[in-house]
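Chemist: need a 3D model of the following:
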Amino acid sequence: MARTRIQALSDDPADIDRIARRYPGGAGRAAVLRLVLAVLIVVALGWYLQVALRNSQRPPVEATLTAHWVVDDQRAGFTLQVARTDPSRAAVCTVRAQAQNYEHIGDVDVPIPPSTQQVVTVDGTLRTVRRADAVYVEGCRLT
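Modeler: Residues are numbered from 1 along each chain as shown. Down below sits the predicted model:
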């Protein structure tokens with residue numbers, strides 16, 4: 001018969017009981033450690049799922065620049081395609097222009113009126129301080 005570490009100290013049953021009472025096994029501490037570890041895993045999983053859900057939600061309004069062109073040295077034209085989750089709410093999109101050296105040379109806030117359609121197309125122009133090389137959508141927000 002194989003002896004445990006405590007049994008190897010003495011063959012007397014009284015000694016074995018006394019030593020076992022003095023040095024209890026780590027079963028209690030191991031159970032608490034497993035419980036704490038399980039709680040930490042559940043909390044981390046909950047946090048991860050909350051962040052994933054928040055990041056996967058569609059924004060209430062978003063715009064895509066479908067075309068842009070230079071009207072003259074002080075103006076640029078653009079076409080936006082705007083999608084809203086609630087088309088009955090008005091929105092504003094900021095469109096910016098930049099020069100060939102990436103300098104910001106003009107911007108305009110484009111109002112998007114309420115509509116019955118979720119996706120609308122809006123044309124517009126913006127004034128620039130010199131000839132525009134690129135036009136981009138900075139962002140959109142509901143009003």
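Chemist: may I see the buried residues of stretch 70-86?
Modeler: Buried residues in stretch 70-86, defined by neighbour count with 16 or more other C-beta atoms under 10 Å: 75-76, 78, 80, 82-84. (Each C-beta comes from the backbone N, C-alpha and C, glycine too.)
Chemist: residues in contact with Arg141?
Modeler: By C-beta atoms under 8 Å, 6 or more residues apart in numbering, the contact list for Arg141 reads 61, 91-92.
Chemist: ok, back up a step: could I get the buried residues of stretch 70-86 as a markdown table with pLDDT?
Modeler: As requested, these are arranged in a markdown table below (pLDDT from 0 to 100):
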| residue | pLDDT |
| --- | --- |
| Arg75 | 94 |
| Ala76 | 95 |
| Phe78 | 96 |
| Leu80 | 95 |
| Val82 | 95 |
| Ala83 | 94 |
| Arg84 | 92 |
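Chemist: same list (those) but as JSON lines, adding secondary structure.
Modeler: Converted to JSON lines, the buried residues of stretch 70-86 look like this (DSSP: H, G, I helix; E, B strand; the rest coil):
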{"residue": "Arg75", "secondary structure": "strand"}
{"residue": "Ala76", "secondary structure": "strand"}
{"residue": "Phe78", "secondary structure": "strand"}
{"residue": "Leu80", "secondary structure": "strand"}
{"residue": "Val82", "secondary structure": "strand"}
{"residue": "Ala83", "secondary structure": "strand"}
{"residue": "Arg84", "secondary structure": "strand"}
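Chemist: quick one on the thing from earlier: looking at the contacts of Arg141, which is nearest Ile19?
Modeler: Closest approach to Ile19 among the contacts of Arg141 (C-beta to C-beta): Val61, at 72.9 Å.
Chemist: what is the neighbour count of that closest one?
Modeler: Val61: 22 surrounding residues under other C-beta atoms under 10 Å.
Chemist: again, but for Gln98
Modeler: The local packing of Gln98 (other C-beta under 10 Å) involves 18 other residues.
Chemist: one more: Gln57?
Modeler: Other residues within reach of Gln57, judged by other C-beta under 10 Å, total 8.
Chemist: now the strand of greatest length in the chain, how far from the centre of its chain.
Modeler: For the chain, the strand reaching the highest residue count under DSSP state E is reported as strand 61-72. Centre-to-centre, strand 61-72 and its host chain are 26 Å apart (C-alpha atoms, centre = their mean, to the nearest Å).
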